[in-house]
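Enquirer: okay, here's the prediction I keep looking at, along with the sequence it came from:
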Amino acid sequence: DAGVIQSPRHEVTEMGQEVTLRCKPISGHNSLFWYRQTMMRGLELLIYFNNNVPIDDSGMPEDRFSAKMPNASFSTLKIQPSEPRDSAVYFCASQPGQSNTGELFFGEGSRLTVL
Amino acid sequence: AQSVTQPDIHITVSEGASLELRCNYSYGATPYLFWYVQSPGQGLQLLLKYFSGDTLVQGIKGFEAEFKRSQSSFNLRKPSVHWSDAAEYFCAVYPGGGADGLTFGKGTHLIIQP
């Protein structure tokens, strides 16, 4: 079975540009999570969706960040405008709908560098 | 709110030696507990998990972890490490009840000396 698929794997952009990160969860999984990983702050939960509905976006750092899940097989995380401090690895993870144990299945991440 | 502490930022172990990575959590009840491993440039892979029952759990790649309720700990162990075990290791907790995802520790970076 295919795992969680993220694209792009690497993105280098200039400050002020729009960045869109994409995620395809595992088929049949009902919950999707976006995490950000930095050296200073470790893994931070940004937002998560259940059945395509955003449940908690309190981790989204600023209004420059937005996330959508238009259907069960696709989600985007957008940063507009991007800033150098947004440089990080962004992970998408999905969770089976029947899970009540919290186990997450991670993609390989999107490494973002904002110059 | 629950928290996870991994007190060792870096650990260096000789190849073939035993390994123990520490993890302590703060939570009123017993949460669900996980260890994930992240190799360079890769995502997080589940090593093992504890939900209930036997407090010693076996995982992939020869790893095991022991849940100790009295110490609020869930330490990861391996009797003999291999160079390929060099990676970042994350402990995580989930309190259940529909909480918002996993809470991760800051990670422990494992270096293997030849």
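Expert: Received it, and whenever you're ready, just let me know what you need.

Enquirer: for chain A, what are the nearby residues on chain B?
Expert: Contacts of chain B with chain A, taken as C-beta under 8 Å from any C-beta of the partner chain, map to B:32, B:34, B:36, B:41-46, B:49, B:51, B:90, B:92, B:94, B:96, B:98-102, B:104-107. C-beta coordinates here come from the backbone N, C-alpha and C atoms, glycine included.

Enquirer: out of those, which are buried?
Expert: By neighbour count, with 16 or more other C-beta atoms under 10 Å in any protein chain shown, the residues of chain B next to chain A hold B:32, B:34, B:36, B:43-46, B:49, B:51, B:90, B:92, B:94, B:99-102, B:104-107 as buried.

Enquirer: which SSE is the residue nearest the centre of chain A in?
Expert: The geometric centre of chain A, computed from its C-alpha atoms, lies nearest to residue A:34 (C-alpha atoms, centre = their mean), at 3.1 Å. Assigning secondary structure by DSSP states H and E places residue A:34 in strand A:29-38.

Enquirer: enumerate the positions of that strand that are buried.
Expert: Those would be A:29-37, for strand A:29-38 by 16+ other C-beta under 10 Å.

Enquirer: ok, stretch B:51-58 next?
Expert: For stretch B:51-58, by 16+ other C-beta under 10 Å, it's B:51, B:57.

Enquirer: same check on stretch A:95-108?
Expert: Neighbour counts over stretch A:95-108 (16+ other C-beta under 10 Å) mark A:95, A:99, A:101-108 as buried.

Enquirer: which residue does chain A have closest to chain B?
Expert: The nearest approach of chain A to chain B comes at residue A:102, 2.6 Å away (C-beta to the nearest C-beta).
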